[in-house]
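>>> whatever this is, show me its structure:
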Amino acid sequence: MSTALRKIQTVEVNPAKVGDLQEPSSTQEFEPDGSNVVSVFENLDSAHRRDLVEELAAIVPGIASIEPTRLADRQTLRFKQRTQSGIREFYAKQMSDGTLRALAILVAVMQQTAPGLLVIEEPEVAIHLGALRTLVDILQSQPNGAQILITTHSADIVDALPVDSLRVVWTQDDASHIAPVSEHSKEPVRRGLITPGELLRADALDPAI
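You can find the predicted model right below:
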């Protein structure tokens, strides 16, 4: 059991931590709040950095490059972004919370010491709908072998995933429970009569119990 737990990593990104000036670190393991995102990004090889920039650009249009930058004894990331007035440079602190959250999630997924199971807590926070759908598509297509579990209250994320991959979590008798979606909830989804997200909004995405 202890070996299995060591292979699980939970990511709950704090955009303020991602944007702050960070201390350099030799660790290759992503900190759950994103407080060492610069070091982990710096440890990626050039191909993974390039892929990450392309994926972030699909979520945040105009992103052209991301580079680690030293400021005295601290470090941050410097972004180049295409705007109507040309390419502009921004430090991480100047980027939106949604951009920083998406960046940190992608870095966590691509980290060199990828866990067996990566749990991403509520990625929908501060990320707008169009970008959120793109992020979920990117997470589903990651080739690094790590299994990704998303915890969410977002009907839009639920709609972006196959109904058979969904699990329902509920509390009963002071305990948390988890189960697949019930067959009576799946059937109208398979027939195209309703979406899983619409069932969630109606509090009708029932567990198989």
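
>>> I'd like the next helix or strand past the helix-or-strand element of the chain with minimal mean pLDDT.
When each helix and strand of the chain is scored by mean pLDDT, DSSP states H and E, helix 2-6 comes last, with a mean of 47. The helix or strand immediately downstream of helix 2-6 is strand 8-11, counting by DSSP states H and E.

>>> return the list of strands paired to that following strand, each annotated with direction.
Within its sheet, strand 8-11 is paired with strand 117-121 (parallel), according to DSSP bridges.

>>> just how off-centre is the next helix or strand after the partner strand within its chain?
For strand 117-121, the succeeding helix or strand toward the C-terminus, using DSSP H and E, is helix 129-140. Centroid displacement of helix 129-140 relative to its chain, using C-alpha atoms, centre = their mean, to the nearest Å, is 9 Å.

>>> okay, angle between helix 129-140 and strand 117-121 too, please.
170 degrees (axes from the mean of the first three to the mean of the last three C-alpha atoms, to 10 degrees).

>>> name the surrounding residues that touch helix 129-140.
Applying C-beta atoms under 8 Å, 6 or more residues apart in numbering, the contact partners of helix 129-140 are 55, 58-60, 98, 102, 105-106, 109, 120, 123-124, 127, 148, 150, 154, 156-157, 160-161. C-beta here means a position set from N, CA and C on the backbone, and glycine is covered the same way.

>>> hey, C-alpha coordinates of that helix in CSV?
The C-alpha coordinates for helix 129-140 follow below in CSV (Å, rounded to 0.1, in the frame of the first residue of the first chain):
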residue,chain,number,x,y,z
LEU,A,129,-14.9,27.4,-20.9
GLY,A,130,-13.2,27.3,-24.3
ALA,A,131,-9.8,26.9,-22.7
LEU,A,132,-11.0,24.3,-20.3
ARG,A,133,-12.3,22.0,-23.1
THR,A,134,-8.9,22.3,-24.8
LEU,A,135,-7.0,21.6,-21.6
VAL,A,136,-9.1,18.4,-21.1
ASP,A,137,-8.5,17.3,-24.7
ILE,A,138,-4.7,17.8,-24.1
LEU,A,139,-4.8,15.8,-20.8
GLN,A,140,-6.6,12.9,-22.6
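
>>> show me what the helix or strand following it is packed up against.
Downstream of helix 129-140, the first helix or strand assigned by DSSP H and E is strand 147-151. With contacts defined as 3 or more C-beta pairs under 8 Å, 6 or more residues apart in numbering; DSSP states H and E, the packing partners of strand 147-151 are strand 117-121, helix 129-140.
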